[in-house]
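> Just to be clear, the model below is a prediction. Sequence and coordinates:
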Amino acid sequence: MKTINFMGQRTLAMLFSAVLLLGSIGSLATKQLNWGLDFTGGTLVEVHYSETANLKAIRSTLDAEGYSGATVVSFGTDRDVMIRLPKGYSDSQGAELLAKLEQAFAGNVELRRIEFVGPQVGDELREQGGLAMLLALGLVMLYIAFRFQFKFAVGAVVALVHDVIVTLGFFSVTGMEFDLTVLAALLAVIGYSLNDTIVVSDRIRENFRKLRRTEPVEVINISLTETLGRTLVTSLTTLLVLLALALLGGEMINGFAIALIVGVAIGTYSSIYVAANTLLIMGVSKEDLMIPVKEGADQEDLAP
């Protein structure tokens, strides 16, 4: 198998990652995220139409009546509509909204549910979501440090932080709504990227022990080449499913699918360049991965 010189482009990859991270952090600092109802609080109204609901007409009606920032999506059937109003609206205004919809529709509009989510609940969800991601990163670092070596743990966590920040930056730049489904997708991205990074790290460890006279850059290139087929097949099959969800799954899970598409794509890149590049920057060597020799053991018996 011809070895691909992945690490020959590591400087360019570092610049690319730096641009992505700076752009994402800059957008998060200035533009921030378009927080959904789960985080900001507001009113959730579910209605059932006697005929197929025209979402565009409903949005036009709400805009004309002054309900700015309302999100209108269909769920279940084409007659069931969920309307999410941002903070500033109360549950009593949700009932007023129903009256406006009945006036603009020739058939019957049945109210199924009105739920008011206070901003305090939103603040708690935001805090708990952030703590969940930090806890996941901390446990990942401990696991990889125990299974491999501390330098591998740092490389894996750097890659995961890279993936999360870039995915958050994508939602900040595009202005897409960030709700609990997107947060769940971020946690899934951490798991997916971690799995890919562990596969690559395991092959790097094996090759460091087998190819003892080979330079670290070449060992990493060989390891990445050997795992490239598995990485591409896994990523492509996952992306095919996610594309189907994004295009055909409806608006309810669109944000979830988009977040995973971005996360899987950037996670595949980071497992090849960010994690491996971090290992080289930290000066990984075969001595870091040698199996400890017990006193009195015959070292010739331990040699491969």
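Noted; the coordinates are in hand. The model shown is predicted, which means the values in this text are computed figures rather than measured ones.

> which residues in this structure form strands?
34-35, 42-49, 71-75, 77-85, 109-117, 177-178 (DSSP state E).

> Looking at Met290 now. What's its pLDDT?
On the pLDDT scale, Met290 is placed at 63.

> The one 3 residues further on now?
In this model, Val293 is scored at 51, pLDDT.

> if we can go back for a sec, want to throw the strands of the chain into TSV with mean pLDDT, mean neighbour count and distance to Phe256?
To be clear about C-beta, it is placed using only N, CA and C from the backbone, and glycine gets the same treatment. Shown next, in TSV, are the strands of the chain (pLDDT from 0 to 100; neighbours: other C-beta atoms under 10 Å; distance: least, C-beta to C-beta, whole Å):
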stretch	mean pLDDT	mean neighbour count	distance to Phe256
strand 34-35	82	16	15
strand 42-49	82	21	18
strand 71-75	79	17	13
strand 77-85	81	18	15
strand 109-117	78	15	19
strand 177-178	85	22	11
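
> In TSV: those strands, plus distance to Glu215.
Shown next, in TSV, are the strands of the chain (distance: least, C-beta to C-beta, whole Å):
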stretch	distance to Glu215
strand 34-35	47
strand 42-49	58
strand 71-75	55
strand 77-85	56
strand 109-117	57
strand 177-178	44
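
> what's the closest of the ones you listed to Thr11?
strand 177-178 (33.2 Å; C-beta to C-beta).

> Show the contacting residues for the spatially most central residue of the chain.
Residue closest to the average C-alpha location in the chain (C-alpha atoms, centre = their mean): Leu186, at 3.1 Å. Contact analysis of Leu186 by C-beta atoms under 8 Å, 6 or more residues apart in numbering lists 133, 164, 167-168, 259, 263.

> Likewise for Glu177?
For Glu177, counting by C-beta under 8 Å, 6+ apart, the contacting residues are 34-36, 71, 255.

> 6 Å - rerun?
Taking C-beta atoms under 6 Å, 6 or more residues apart in numbering, we find Glu177 in contact with 34, 36.

> Distance of Ile4 relative to Ser223?
Counting by C-beta to C-beta, to the nearest Å, the gap from Ile4 to Ser223 is 11 Å.

> So those two - more neighbours on which side?
The residue with more neighbours, out of Ile4 and Ser223, is Ser223; 24 against 14, by other C-beta atoms under 10 Å.

> list the contacts for the more buried one?
Counted by C-beta under 6 Å, 6+ apart, Ser223 has contacts 203-204, 207.

> go on, Ala13?
Per C-beta under 6 Å, 6+ apart, neighbours of Ala13: Tyr273.

> Contact partners for Thr167?
Contacts of Thr167 (C-beta under 6 Å, 6+ apart): 262-263.

> Show me what Val45 bridges to in the sheet.
Taking DSSP bridges as the rule, Val45 bridges to Ile83, Ile114.

> hmm, back to that, among the strands of the chain, which is nearest Pro216?
strand 177-178 (39.6 Å).

> Can you list the strands that that closest one pairs with?
Strand 177-178 has these strand partners (DSSP bridges): strand 34-35 (parallel).

> For Leu245, which of the strands of the chain is the nearest?
That would be strand 71-75 among those, by C-beta to C-beta, at 14.8 Å.

> which helix is the longest one in this structure?
When the chain is parsed with DSSP state H, its longest helix is helix 216-248.

> how far does that helix sit from the chain's center?
From the chain centre to the centre of helix 216-248 is a distance of 16 Å (C-alpha atoms, centre = their mean, to the nearest Å).

> List the buried residues for it?
Under the neighbour-count criterion of 16 or more other C-beta atoms under 10 Å, helix 216-248 has 216, 219-227, 231, 234-235, 238-239, 242, 245-246 buried.

> cool, and stretch 13-30?
Here stretch 13-30 shows 13, 17, 20, 23-24, 27-28 as buried, counting by 16+ other C-beta under 10 Å.

> Mind picking the two most distant members of those residues?
Ala13 and Leu28 (22.2 Å).

> show me where pLDDT drops low in the chain?
Scanning the chain for pLDDT under 70 picks out 1, 76, 87-94, 118-123, 126, 285-304.

> tell me the helices in it, going along the chain?
10-30, 37-40, 55-64, 91-104, 119-147, 150-174, 180-210, 216-248, 254-272, 274-281, 299-302.

> Identify the nearest residue to Glu206 in space, disregarding sequence-adjacent positions?
Ser223 (7.8 Å; C-beta to C-beta, 6 or more residues apart in numbering).

> Excluding covalently adjacent residues, which one is nearest to Ala185?
Closest to Ala185 by C-beta to C-beta, 6+ apart is Ala259, at 3.6 Å.
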